[in-house]
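Trainee: Return a 3D structure for these sequence lines:
(2 chains)
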Amino acid sequence: MFRSSFHKMILAALLILIGAAHGQCQEWKTKWDRVLADAKKEGKVSVAGPPGTAYRDVMRGFEKKYPEIALEFQSFTPSNFTARFSKERQAGQYLWDIYVTGPTGFDISAKKAGELDPIRPLFVLPEVLDEKAWFGGFDKAFLDSEKKYIFAFQAQITPQVLINREFVSEKELNSIKGLLDPKWKGKIAINDPRVDGAGNGRIALWAGQLGEEFVRNLLKQDLTLTRDDRQLADWLARGKFPIAIGVNDTDIAELQKLGVGAKVEPLGGKLAEAWRLSTGWGAARLVNKAPHVNAATVYVNWLLSKEGQAAWASTVSRPSRRVDVPRVAGMSPEAGVDYFDIDREERVPLRDKAQEISKSVLR
Amino acid sequence: MSAVQSHSFSLQGFVYWLVLGIVLFAVLYPAGVIIFSSFETPGEKLVSGFGLQAWKIAFADPAILSAIWNTLTITLARQAIALPIAILLAWVIARTDVPGATTLEFLFWLGYFLPPLPVTMGWILLLDPDYGVLNRWLTQLPFVTKAPFNIYSFWGIVWAHLTTSTIAVEVMLLTPAFRNMDATLEEASLVSGAGVVRTITRIVVPLLTPIVGVVLLLGIVHSLQAFELELVLGFPFRFYVFSTQIHWLLNQQPPQFAAATALGSTILFLMVPLIALQRRTVARRSFATVGGRYKGHKLSLGNWRWPVSVVLLAIALLITLIPLLFLTLASFMARFGYFSVAKPWTAVHWSRVIEDSVFLDSLKNTLVLAGATALVSVVLFTLIAYIVIRTNFAGRAALDLVSWLPSTLPGIILGLGLLSVFLGTPFLRPLYGSMFLLIVATVISSMTLGVQVIKGALTQLAVELEEAARVAGGSSWNSFRDIVLPLITPTLLLVGTLSFIAAARNVSTVALISTSRTRPLSLLQLDFLVESRYESAAVIGIIVVALTAGVALVSRLLGLRTGIER
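Mentor: Sure, this is the predicted structure:
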């Protein structure tokens, strides 16, 4: 008797669980079907994205999967998009749905001005909302303090400094702090840290970790500036400047494939001040008064899905924050390591400080 | 410069007013918006008020003073070297019997078509003080102890400018004007015992004051706006110029548009007195060199024909063939400048560009954009120039002055102004995002150069030619069509070609107003540049050069069959 009741209870519990799961499944499925149907009626989605052919090519996957929704994708540099967006808004034109780019000052000003809507409610697919699918968890992918506006789907570890060992031995220099040695004066090149970008991010990280004094002293090492990624990589590989801060890893990788700069490597081993976590151009936000919200929902769910992120990682050659897509050698973050993420909104003051110091020292 | 017509309420008068209206609207409106927006105070939401804050930001940077000084010195150096050389080259090509003059002239055209960035990379490859190939060769000589050249220097920047475009474009602009000169004047000078140099400085240049003045002014404006080379070559030794300061303000986060606009407007204010001076100089007397008794035969160089030709060829090679070689090498190298790698040569960049999903659409858009710009430019600029030079129309001075404005505005600032105009004017708003807007933008961008060159050609034509036609019973239109037009056709074809290349290469203005449907090749090139794929960008550069060279060849073939000498 007791045994039979117990079995019944177990069965009932299982049925309830299955029912709940099915209900949940039904819930997202129903919502998804509705959104998809409405998106097809809207017929198109307008996406502003980063410049570069690879970013455009990634988006082709969406067009293939959802041929009924036309993707109007346009590349912009951050300043060009800000200019265009602001002029359109002044004229009462609301033309964009999603803006994919790296974290920029646009995020702060647009959020303050109410020009961004939360992107979080757009996430429908369970695979997108899956806590375990994202490096450090789902919430950690949001760069804004409210955790709802700017979703960073790219997470790349990038070295702060690259050094050409053909010209500087391990014995001579093996730590970030060693850069302050006067003998490196005039030997270091940097991506201009006075504007937003790779150089500024690195200086900001050190301002946070090693203090302002370190940063000031480093900037006084007669640094050579450039705003040209390619030039910086060439200088490093050829040894014109054997130490470089803010080099684009892809440029160096391309050179190394050709057998040039084979001895270029990160400086500082696994020290915390030697690496940063970078979003690159991979963060999405929903512009307010978006004209095609349903199509934008379908687009965002595709982009953040395993399929979309695998396409991103393979086409752009940058690692996804998703942990269930193929890793990008040397760039994907290691599980369990707490990297310094300079792209978060709470670190904006640090970035501003870094710019201020850089401007005052590097006249 | 007497006028041959007075305006009346006729069809002609209507056309004049219409042209004035179009130009004022298309140029003054965006320029006004730009100047106005430099007084806007940015707030959290769009604009919070008006004041001088942007101007203070623009000029508060301590680097601005040295940037202004650097801009002035580099402008002076460029023009001081380029203009005399260009005058001499143009004179030799147009006024003497030097062998291969036509080919030599075309080589200079070709030099101007080449994109500056890959060419600059080529010069870096040769003249870098540490790994420059030429420096390395020279340091192997017994008496050379250190690298003699440094591309990252003031003179390095001047050299790169001279060899990429400055001399080439000045030769291009001056040669047709020289061709329109009456040979009797030079002959008289030479017969009276003045040498070649004296003849050029005392007879030729004064006679060509209008066009030489225009070329100099345009050179100054372009020097003030020069940007790419200064960024690549000047940044490493912290050499900032006016335009890099504008770029700097635009790259702040958030971008300092108002401050950048303030700096951009400064060029406009700086140029106004120079433009006024040029206008005054030209207005003082007649510069007509083509009259009823025009004699166009060329001076004989005698035994100097071939040596002069060789010198000219050497300069043309330096300006054209060496850069073209850089460009071609760049497009076929795994990575430009790395000759010692295992597989230095590849066709992958060509296949990457040609197989790019947007390549064909971009090519089509470029052909439409550049072709339409060339056509509209030739018609509109001819009308403007004709009204300014040949009529008593009340608004002609305004028309002349306004036609100078576009060149004084940096491309991105002009783009911002046009954005405001098309978005802020209800009847234009439906055109936002269309090819029409892009054509308007590129026509405006080409306006100064085009109008001034045609004005220069018209100034050289004596009014008596048209008067004779009218005395013989022809209408104004007939005299224009039958007398003026054939004589200035080579100039119009030159203007069309220049407008074509300017539109095909335009990035800064077009980037702000194009859409995914109207994107031209220049923006595809920008995509490659952002990805540091300079080799693929060089492929697009070659395609644009090929397109333009095709247009230029047709222009020249047509031009050589028309004009004064025919």
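Trainee: Next up, the contacts around the single nearest residue of the stretch 401-550 of chain B relative to chain A.
Mentor: Closest approach between the stretch 401-550 of chain B and chain A, counting by CB to the nearest CB: B:Leu423, at 3.5 Å. Backbone N, C-alpha and C define where each C-beta goes, glycine included. Taking CB atoms under 8 Å, 6 or more residues apart in numbering or on different chains, we find B:Leu423 in contact with A:87-88, A:90-91, A:93, B:429, B:432.
Trainee: at 7 Å what do you get?
Mentor: Applying CB atoms under 7 Å, 6 or more residues apart in numbering or on different chains to B:Leu423 gives the contacts A:87-88, A:91, A:93, B:429, B:432.
Trainee: In helices, which of the residues you listed appear?
Mentor: A:87-88 (DSSP state H).
Trainee: ok, and the closest non-adjacent residue to B:Leu324?
Mentor: Closest residue in space to B:Leu324, ignoring its immediate chain neighbours: B:Leu114 at 6.3 Å, by CB to CB, 6 or more residues apart in numbering or on different chains.
Trainee: Any idea how many residues pack against that neighbour?
Mentor: 25 (other CB atoms under 10 Å in any protein chain shown).
Trainee: measure it to B:Ala370 for me?
Mentor: 16 Å (CB to CB, to the nearest Å).
Trainee: same thing with A:Pro291?
Mentor: Taking CB to CB, one finds A:Pro291 at 32 Å from B:Ala370.
Trainee: Between the two, which is the more surrounded one?
Mentor: A count of neighbours by other CB under 10 Å puts B:Ala370 above the other of A:Pro291 and B:Ala370, at 28 against 16.
Trainee: thought that one was touching B:Ala504?
Mentor: Yes: using CB atoms under 7 Å, B:Ala370 makes contact with B:Ala504 at a distance of 4.2 Å.
Trainee: residues touching the residue lying closest to B:Leu301 once chain neighbours are set aside, list them.
Mentor: Take B:Leu301 and drop its neighbours on the chain: the residue closest to it by CB to CB, 6+ apart is B:Thr96, 5.1 Å away. By CB under 7 Å, 6+ apart, the contact list for B:Thr96 reads B:298-299, B:301.
Trainee: can you rerun that using 8 Å?
Mentor: B:Thr96 neighbours (CB under 8 Å, 6+ apart): B:298-301, B:305, B:308.
Trainee: Contact partners for A:Asp192?
Mentor: Here A:Asp192 is in contact with A:199-200, A:225-227, B:235 (criterion: CB under 8 Å, 6+ apart).
Trainee: Between all of those residues, which two are separated the most?
Mentor: A:Asn200 and B:Phe235 (15.2 Å; CB to CB).
Trainee: for chain B, what spans make up the strands?
Mentor: B:40-42, B:47-50 (DSSP state E).
Trainee: per-stretch mean pLDDT over those, give me the minimum one.
Mentor: Among the strands of chain B, strand B:47-50 has the lowest mean pLDDT, at a mean of 66.
Trainee: Look through the stretch 1-150 of chain A and state the residue closest to chain B.
Mentor: Checked against chain B (CB to the nearest CB), the nearest residue in the stretch 1-150 of chain A is A:Gly105, 2.8 Å away.
Trainee: That residue - how many residues pack around it?
Mentor: A:Gly105 has 18 neighbours, counted by other CB under 10 Å.
Trainee: now the spatially closest residue to A:Arg84 that is not a sequence neighbour: how far from B:Gln256?
Mentor: Here the nearest residue to A:Arg84 in space, its sequence neighbours aside, is B:Leu512; by CB to CB, 6+ apart that works out to 5.9 Å. To B:Gln256, B:Leu512 is 16 Å away according to CB to CB.
Trainee: With neighbour numbers in mind, choose between these two.
Mentor: A direct count of neighbours by other CB under 10 Å for B:Leu512 and B:Gln256 places B:Leu512 higher, at 24 against 21.
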